[in-house]
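K.L.:
Give the three-dimensional model of this entry:
(2 chains)
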Amino acid sequence: MHNDWQPKLGDKIVRRPRVKAHPLRRVLGIPGLFSTAYGDVGSSIYYALGLVALVALGATPIVLGIAGILFVFTALTYAEGTAMFPEAGGSASFARHGFNDLMGFISGWALMFGYIVTISISAYTIPSYLGYFWEPLKTSPIVHTGAAMGIVCILMMINVIGVRESSRLNFSLAILDISTQVLIIVLALLILFNPTVFWERITGYWPSTPNLIFGVAIAAIAFTGLETVSQMAEETRRPQIRAPRALVLMTIVVLVIFAGISVSAFSAMTPAELGSQWATDPVAGIAHNLSVAISPDELTKGFSEPAHQIVVTYILEGVRNLLPALVALLAATILFIATNAGLLGISRLAFSLGRFQLIPAELSRVHPRSKTPYIAIIVFTLIALALQMPGFFGPDVFANLGGLYAFGSMLSFAIAHLSVLALRIRKPDIPRPFKLGWNVKICQRDLPVTTIIGLLGTTAIWVVVLIMQPYSRWVGLAWMAFGFGMFFLFRRLRRVSPSQTDGSPSGITGSQL
Amino acid sequence: MRLEGILVTVNGKDADVEAVKLACDLAKKSKAKVHVVYVIEVKRSLPLDAVIESEVAKAEKALTRAEEIAADRDYEVETDLIQAREVGPAIVDEAMEREVDLILMGVTYKKSFGVFSLGRVIPYVLEGAPCRVLLCREPMS
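P.N.:
Got it, this is the predicted structure:
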């Protein structure tokens, strides 16, 4: 049967056993998985760069590089874990399989915190970029925070109703975003880059040691999105092969783009400017300074043909006039989608945790008409709004949100590393479609070096945040304490041991490969 | 037209009745296999294999009714319950996997802002299906 029809991105089906069980058909390929994940990870550069510069100043490219190495190791760990367990739940799923329900809950709860903060910070950054069109959106704390909270409320309503998401739009935006960032990088390198100035900006604005260490912790926010690939794996055709490939592809693209953008930023402005005036919209700062630096007359001096001069002048003038507006609109759109992705992620995670009796099932209740987990969406959105509220009273909310994210994400990443190591030790014989190389033999078990280093690195960063950031420490620990209390009470009421592992979700046969 | 496989999509509406009857009548001549599927659309805020009890109950009811209609026609059908992000692609994909010769869909007579509407799914299937597509629209009354 010859046909040009191609499945749409995200077209996978699950077959509910009726007469007899059937295998699942997964349709999402690498491009769909990559574009969804890139939308999550790629969006973070729009706020991470400024956030890191706030703390790390001249060391920003260095700390982003260190965080990038940890990101690679974590991505590799996720590749092995996701290939083993291609189901919604991500690191919570690894922990449940590697240890027990309690560890699964801790990881899932920390992950939820990360998602909530991602929602808050992505939405908080949008008005800064839109400030290009109306300044109070960036400069007035009340207008800025009000707009950010409004955005979160709108997305909450959209997700409660269940408006259809276009995977084709996600893919197109991912391509447009990468293209725009490549354009910025190329222009910055051609017009602004000067190795001497670049080095002076690093050394001349070197931070204190505590800020340098905290900068590495904050830089982790640049690499959100690993969980997205893991959670989307259940919708992927041959996830054991395609999920690791999508992770590797995403890692390479993200590292190259982030390296280029941070070099561009340091070429376009001083670290002090980046960490103050442009902290909440760093890419807009690059575009603004690029636009100012583009001088068509200067740049076309080398053309001998008048016709070539005219054409190139016209193009450069167009770029100069349009680039800041394009970046503002594109950043706002990408961040809007990233905020929505955070909401989708948290609702799916809440449903998965509820399914495995790790949180009360009421949180994963589905609305009878809209067929969405409306309680989870509303509850966690309200928490995200609460985290944004301090923005009415001062600008510290941005840095504080960064610290909160580092608390949640480092904890869940550390547990992911630990779980993969535990699985190597306790269940060495289960199939590993993607098995990490560079192993060391410890107690007759092959343990991947990258996972061990990833575990040490993420744990160290988490401890740094705990020690150095009082706001993140107390809010993060309060979140975990509340979660523990809810978990133990819930389990006690259900008469289930907290450490019991239930192999299958209650009342569900589960998906089949 | 010799048929070896027919895919009938049901959605719990009255139009299913005529669609299943027609599928059985068409299949009888060439002893074609009839597959009846119900597609549950899962929103992206839920995992794809999330169990939505109310939807599963509705689907079971629709598929059981299809089996009863087929039994009245003295024909055996195979029923399946599928969950997908979107109904249209799921139907087309199912048709390709089962290599059916015909997709048969019941159409409810409905108007949107005073204009007759086929909805989202039918145009998608008409455009993307690899085989013949037969629509069976219920009467106006």
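K.L.:
burial of residue A:209, as a residue count?
P.N.:
By other CB atoms under 10 Å in any protein chain shown, 8 other residues sit near residue A:209. (Glycine included, C-beta is placed from N, CA and C.)
K.L.:
Quick one: the strands in chain B, in order.
P.N.:
Secondary structure of chain B (DSSP state E): strands at B:5-10, B:33-41, B:78-84, B:102-107, B:111-112, B:115-116, B:132-137.
K.L.:
Just the buried residues of the longest one, please?
P.N.:
Residues of strand B:33-41 classed as buried: B:34-41 (neighbour count, 16 or more other CB atoms under 10 Å in any protein chain shown).
K.L.:
And these, which is closest to residue A:249?
P.N.:
Using CB to CB, residue B:41 comes nearest to residue A:249 of the buried residues of strand B:33-41, at 29.6 Å.
K.L.:
Would you mind giving the buried residues of strand B:33-41 as CSV with pLDDT added?
P.N.:
Below are the buried residues of strand B:33-41 laid out as CSV (pLDDT from 0 to 100):
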residue, pLDDT
B:34, 96
B:35, 95
B:36, 96
B:37, 95
B:38, 95
B:39, 93
B:40, 91
B:41, 90
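K.L.:
Which single residue in the stretch 101-250 of chain A comes nearest to chain B?
P.N.:
At 4.2 Å from chain B, residue A:162 is the closest residue in the stretch 101-250 of chain A, using CB to the nearest CB.
K.L.:
what sits against that residue?
P.N.:
A:370-372, B:43, B:45 (CB atoms under 8 Å, 6 or more residues apart in numbering or on different chains).
K.L.:
before we move on, the earlier item: any chance of the buried residues of strand B:33-41 in TSV, plus distance to chain A?
P.N.:
TSV is the format used below for the buried residues of strand B:33-41 (distance: CB to the nearest CB, whole Å):
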residue	distance to chain A
B:34	13
B:35	11
B:36	10
B:37	9
B:38	9
B:39	8
B:40	8
B:41	8
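K.L.:
how about residue A:134, phi and psi?
P.N.:
The phi/psi pair for residue A:134 (degrees, to the nearest 10) reads phi -150, psi 110.
K.L.:
partners of the worst-scoring helix or strand of chain B on mean pLDDT in the sheet?
P.N.:
In chain B, no helix or strand scores lower on mean pLDDT, DSSP states H and E than strand B:111-112, which sits at a mean of 83. Applying DSSP bridges, strand B:111-112 is found paired with strand B:115-116 (antiparallel).
K.L.:
Tell me how far the partner strand lies from the chain's centre.
P.N.:
Strand B:115-116 sits 22 Å away from the centroid of its parent chain (CA atoms, centre = their mean, to the nearest Å).
K.L.:
and if you look at stretch A:297-316?
P.N.:
The answer for stretch A:297-316 is 41 Å, by CA atoms, centre = their mean.
K.L.:
and if you look at stretch B:103-112?
P.N.:
Mean C-alpha position of stretch B:103-112 versus that of the full chain (CA atoms, centre = their mean) differs by 11 Å.
K.L.:
Kindly report the same for stretch A:52-72.
P.N.:
16 Å.
K.L.:
circling back: report the buried members of the contacts of residue A:162.
P.N.:
Applying 16+ other CB under 10 Å to those flags A:371-372, B:43, B:45 as buried.
K.L.:
which stretches of the chain aren't confidently modelled?
P.N.:
Defaulting to chain A. For chain A, the stretches with pLDDT under 70 are A:1-12, A:16-33, A:35-36, A:88, A:164-168, A:233-238, A:495-513.
K.L.:
my bad, the chain I had in mind was chain B
P.N.:
Low-confidence segments of chain B (pLDDT under 70): B:1, B:141.
K.L.:
and residue A:445, how many neighbours does it have?
P.N.:
Applying other CB under 10 Å, we find 13 residues neighbouring residue A:445.
K.L.:
do the same with residue A:318
P.N.:
With other CB under 10 Å as criterion, residue A:318 counts 11.
K.L.:
Fine, thanks again, bye for now.
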